[in-house]
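**Q** Got a predicted structure here, sequence first:
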Amino acid sequence: MLVGRIESAAPVPNAYFVTLPEHQTGFLQSTKKLDIGAKVLILVSKEAHGKKYAKLTTTLPSASFSDEQKKLFKEAFTHAAKPLVLFVPDIIRELQSTYDIGEIVTDDMPRKTDIFASEGLQDVLADALSPLVTTKEGVRLFIEKTEAFWAIDVDSGAAADITLTEINLIAAKEIARQIRLKNLSGQIVIDFISSPKNRLSGEVVAALKQAVKTDPTPTLVAGVTPLGHVEVVRRGRRQSLMESARALDEK
């Protein structure tokens, strides 16, 4: 745990260069806009390497702290000039229960509007939860959960002047993105567009295999069934985004 100072903005949104206690520089990607000169409580998530800056995070541990960690926290609060930027309420509660801290001040400004509405997050969340996905080319995906597996049906939709293989290639790339976005897991069966005269192209299966490589969760494209469906298996221990939202609605 360190107290760093925001020195300047990086050339990407909500990213900053932070000066660390020993005059080293780190890179912080924040979830909110920070003021230049503000002090922030951070952890080094990745050490500096070569010409690359150390990567910093404001996501601090909220579980039980060691005596050494508590000592560092106390020093951070003692020597940090206001305002001190904090993001994790659990840490505040831990510190208040451990030390005699009368007041904690942050640089947060009160919001008069719903952040989901003001930042357009409601529409983003609605799209992520929708079983119907439409690409910019007009290709549509229908994503449904059965008792045994997830089913994804590809439809040409409003896509025009492109071949079935091109439609399927567009769908393959979007399917890989949706699997990760919606956190689908277990067996996934995909029904690409094909016909007796236009069987599913091996190029489409290869494109899907390439697209799922970027998924941090192990994802295997098992192959094509005799009926022309593509089977995918994705390891996962948590519910999908859609299932989680449904469970919240039922409470």
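**A** That came through fine.
**Q** I would like the residues contacting stretch 143-162, please.
**A** With contact meaning Cβ atoms under 8 Å, 6 or more residues apart in numbering, stretch 143-162 is reached by 131-135, 137-142, 164, 167-168, 170-171, 175, 178, 182, 184, 186-193, 240, 242-243. Just so you know, the C-beta spots here come from the backbone N, C-alpha and C atoms, and that holds for glycine as well.
**Q** Which of these fall within helices?
**A** Counting by DSSP state H, the contacts of stretch 143-162 place 164, 167-168, 170-171, 175, 178, 242-243 in helices.
**Q** could you flag which of the contacts of stretch 143-162 are buried?
**A** 133-135, 137, 139-141, 164, 167-168, 170-171, 175, 178, 182, 184, 188-193, 240, 242 (16 or more other Cβ atoms under 10 Å).
**Q** ok, residue 181 to residue 9 distance?
**A** Between residue 181 and residue 9 the computed distance is 29 Å (Cβ to Cβ, to the nearest Å).
**Q** Actually, residue 177.
**A** Counting by Cβ to Cβ, the gap between residue 177 and residue 9 amounts to 29 Å.
**Q** do the same with residue 163
**A** Residue 163 is 46 Å from residue 9, by Cβ to Cβ.
**Q** So which residue of this protein lies furthest out from the middle?
**A** Within the chain, the residue lying farthest from the chain centre (Cα atoms, centre = their mean) is residue 197, at 40.8 Å.
**Q** so how far is residue 164 from that one?
**A** 10 Å.
**Q** what's the residue positioned nearest the centre of the chain in contact with, if anything?
**A** In the chain, the residue lying closest to the centroid (Cα atoms, centre = their mean) is residue 181, at 7.9 Å. Going by Cβ under 8 Å, 6+ apart, residue 181 touches 128, 241.
**Q** Flag the shaky bits of the protein, pLDDT-wise.
**A** Along the chain, the parts satisfying pLDDT under 70 run over 1, 22, 59-121, 237, 247-251.
**Q** Let me see the domain layout of it.
**A** Domain ranges of the chain: 2-98, 123-244, per automatic domain parsing.
**Q** now what about stretch 230-238, what contacts it?
**A** Against stretch 230-238 from outside (Cβ under 8 Å, 6+ apart): 179, 183-190, 192, 200, 204-205, 208, 212, 215, 217-225, 244.
**Q** Now with 6 Å, please.
**A** 185, 187-190, 217-222, 224 (Cβ atoms under 6 Å, 6 or more residues apart in numbering).
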